[in-house]
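Undergrad: sequence first, then the predicted structure, then my questions.
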Amino acid sequence: MSGQAYRRRDSRTANERAEETRPMISVRNLKMGWGEKILQEDATFDVPRGSTFGILGGSGCGKSTMLRYLVGLDKPMAGKIEIDGIGEPDLEVGRPRYGVMFQSGALFGSMTVEENIALGVKQWSDVPDDCVAELVAKNLALVGLDGSQTKMPSELSGGMKKRVAIARALALEPHLIFLDEPSAGLDPVASAELDKLILRLCHERGTTVVIVTHELESIFAVISDAIYLDKQTKTILARGNPRELKQDTSNPTVHAFFNRIARDT
């Protein structure tokens, strides 16, 4: 092998290594809020590639607002967001580089399950029409809803709607998906089944999953890394594995959250 060929191969390997270590999401000095209302200031963090990452905190701390910034629905007051090395996420420009499951599932009630999942595929890809049905079936099987193509959203339970929403988020095969309160309103069994699905997506497909939630059981079952947003200080009070934060944090607010301790009144 010539020295030139060897150098080309070595350079390609180095580039692949750099790609693997680059964060899936990079947030720097993010300022969140509207008008004179400030929710968070100078929020800075990275989301590791292939992680199940949690955005946690009490009510009113800015979890859902941060999600809207990350997916490009709103623009931050200040700061910088990069997704997979590209800045300024914008849902209005080009094919989305990630999938999103909103809290209610946000399925179109007048469309069948198949039509809901196929909508983004037809809009943003060149998949032939005769292959779309196969793609929909594959994603429904992934979320455990084989044969549900012709059902209407009104025929589905809350947990099933969320599974369909996840299947829709995965339809364009993104490396990143956002889930807004995936366990909210579900019974314990449905919630546990959804937790298993999220872990399978991460472990088997390498999908990076960002979850906004305050459900402690799901937090400990699913999330490998997290930030804790605080309403009072308007800062990220803690960062790390939730199971470790439950045991080791010295911050009383963070300790109370992870150990379900009532505030003094």
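TA: Yep, it's here. Numbers count the residues shown, from 1 in each chain.
Undergrad: which residues of the protein fall in helices?
TA: With DSSP state H, the ranges of helices along the chain come out as 3-21, 63-71, 113-124, 129-142, 158-170, 188-205, 216-222, 242-248, 252-258.
Undergrad: got CSV for those, with mean pLDDT and distance to Gly57 too?
TA: C-beta: built from backbone N, CA, C; applies to glycine. Putting these into CSV (pLDDT from 0 to 100; distance: least, C-beta to C-beta, whole Å) gives the following:
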stretch, mean pLDDT, distance to Gly57
helix 3-21, 54, 28
helix 63-71, 92, 6
helix 113-124, 87, 30
helix 129-142, 88, 30
helix 158-170, 88, 22
helix 188-205, 86, 19
helix 216-222, 93, 11
helix 242-248, 93, 12
helix 252-258, 94, 8
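Undergrad: mind putting these in CSV, distance to Ala43 and mean neighbour count included?
TA: Putting the helices of the chain into CSV (distance: least, C-beta to C-beta, whole Å; neighbours: other C-beta atoms under 10 Å) gives the following:
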stretch, distance to Ala43, mean neighbour count
helix 3-21, 22, 10
helix 63-71, 7, 21
helix 113-124, 29, 18
helix 129-142, 33, 15
helix 158-170, 24, 24
helix 188-205, 24, 16
helix 216-222, 19, 18
helix 242-248, 17, 16
helix 252-258, 16, 18
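Undergrad: nearest to Gly33, of these?
TA: helix 63-71 (7.6 Å; C-beta to C-beta).
Undergrad: and the closest one, what does it pack onto?
TA: When contacts are defined as 3 or more C-beta pairs under 8 Å, 6 or more residues apart in numbering; DSSP states H and E, helix 63-71 sits against strand 25-34, strand 37-47, strand 52-57, strand 78-83, strand 176-180, strand 208-212.
Undergrad: next, name the residue at the spatial heart of this protein.
TA: Nearest to the geometric centre of the chain sits Phe178, at 2.2 Å (C-alpha atoms, centre = their mean).
Undergrad: what sits against the residue nearest to Leu201 when sequence neighbours are not counted?
TA: Using C-beta to C-beta, 6 or more residues apart in numbering and skipping the chain neighbours, the partner closest in space to Leu201 is Thr207 (4.7 Å). Neighbour list for Thr207: Gly50, Leu170, Pro174, His175, Leu176, Ile177, Leu201 [criterion: C-beta atoms under 8 Å, 6 or more residues apart in numbering].
Undergrad: reformat the residues you listed as TSV; add distance to Gly60.
TA: Below are the contacts of Thr207 laid out as TSV (distance: C-beta to C-beta, whole Å):
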residue	distance to Gly60
Gly50	31
Leu170	31
Pro174	30
His175	31
Leu176	26
Ile177	25
Leu201	30
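Undergrad: pull the most distant pair out of these.
TA: Gly50 and Leu170 (15.3 Å).
Undergrad: okay, and the beta partners of Phe179?
TA: Heads up, residue 179 is Leu, not Phe. With DSSP bridges as the criterion, Leu179 is bridged to Met101, Ile211.
Undergrad: contacts only, for it.
TA: Residues near Leu179 by C-beta under 8 Å, 6+ apart: Met101, Ile166, Ala169, Ile198, Val209, Val210, Ile211, Val212, Thr213.
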